[in-house]
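Enquirer: Here is my input; please provide its structure:
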Amino acid sequence: ALFAGVDAKVFFKEQFNDEKWESRWVASTFPGKSASDMGKFEWTAGNWYADENDKGIKTSDDAKHYGLSAMMDKSVTQKKDL
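Expert: Numbering: from 1, shown residues only. Now for the predicted structure:
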């Protein structure tokens, strides 16, 4: 049997597991789109869940534009493909 080792590095991790997720993320804006065109993300366990405390984010409105961005702990510079 042949086994290959896997070396994985996590560059960014977000679990959206607390109410403070909004302080870590910035809502994106889009040129030519007004505030009313933009949808809001909602922190929720959803409609069907096994644990109501296991929450994440979801889009809350149909036919809206969505975007979020967050800072990484450090920049990623590599000489090989990710």
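
Enquirer: Spell out which helix or strand contains the residue nearest the centre of the chain, please.
Expert: Geometric centre of the chain, nearest residue: Glu14, 6.4 Å, by CA atoms, centre = their mean. Counting by DSSP states H and E, no helix or strand carries Glu14.

Enquirer: Contacts only, for it.
Expert: Trp21, Arg24, Trp25, Ala70 (CB atoms under 8 Å, 6 or more residues apart in numbering). For glycine as for every other residue, the C-beta is placed from the backbone atoms N, C-alpha and C.

Enquirer: Sort out which of those residues are in helices and list them.
Expert: Among the contacts of Glu14, the members found in helices (DSSP state H) are Trp21, Arg24.

Enquirer: Mind checking which of the contacts of Glu14 are buried?
Expert: Buried subset of the contacts of Glu14 (neighbour count, 16 or more other CB atoms under 10 Å): Trp21, Trp25.

Enquirer: which one of the contacts of Glu14 is nearest Asp61?
Expert: When those are ranked by distance to Asp61 (CB to CB), Trp25 comes first, at 17.5 Å.

Enquirer: and the gap between the closest one and Phe16?
Expert: 9 Å (CB to CB, to the nearest Å).

Enquirer: Distance of the residue nearest to the centre of the chain relative to Val6?
Expert: Separation of Glu14 from Val6 (CB to CB): 22 Å.

Enquirer: And for Phe41?
Expert: Phe41 is 33 Å from Val6, where distance means CB to CB.

Enquirer: and Phe3, what pLDDT?
Expert: For Phe3, the pLDDT comes out at 74.

Enquirer: which residues does the closest residue to Asp54 other than its chain neighbours contact?
Expert: Distances taken as CB to CB, 6 or more residues apart in numbering place Ala45 nearest to Asp54, at 6.1 Å, with adjacent residues excluded. Going by CB under 8 Å, 6+ apart, Ala45 touches Asp51, Glu52, Asn53, Asp54, Lys55, Gly56.
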